[in-house]
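> Build me a model:
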Amino acid sequence: MSKVQSGKEICIFPPPPALGCADIKKEYGESIIVVEVEGRESDPQRLDRDKDGVGCE
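Numbering: from 1, shown residues only. From the prediction side, this is the model:
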């Protein structure tokens, strides 16, 4: 059975400033789903290290 994830939609732009998972968790308190929008790189801050589509797990 696959795990369904939901949460807030946020836009994370390429650096600067550089963001880390500690910044995301401090602001949002959770992991984020990494998705590509309008052909832009989906993970410009490299928050999804294992490339599974979920950043800051």
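
> Partner strands of the lowest-mean-pLDDT helix or strand in the chain, with direction?
When the helices and strands of the chain are scored by mean pLDDT, DSSP states H and E, strand 32-33 comes last with a mean of 76. The strands that strand 32-33 pairs with in its sheet are strand 54-55 (antiparallel) (by DSSP bridges).

> one step back: need the residues that contact the least confident helix or strand of the chain.
5, 7, 10, 12, 24, 47, 53-56 (C-beta atoms under 8 Å, 6 or more residues apart in numbering). For the C-beta atoms, the positions are set from N, CA and C on the backbone; glycine is no exception.

> Of those, which pair is most distant in space?
5 and 12 (16.4 Å; C-beta to C-beta).

> Compare these two and say which is more crowded by neighbours.
residue 12 (16 against 11; other C-beta atoms under 10 Å).

> doesn't residue 42 make contact with that one?
No: with contact defined as C-beta atoms under 8 Å, residue 12 does not reach residue 42; the gap is 9.7 Å.

> Who are the contact partners of residue 47?
12, 19-21, 24, 32, 34, 55-56.

> mind checking pLDDT for it?
pLDDT for residue 47: 85.

> Not counting its neighbours along the chain, what's nearest it?
residue 55 (3.3 Å; C-beta to C-beta, 6 or more residues apart in numbering).

> measure that neighbour to residue 33 for me?
Separation of residue 55 from residue 33 (C-beta to C-beta, to the nearest Å): 8 Å.
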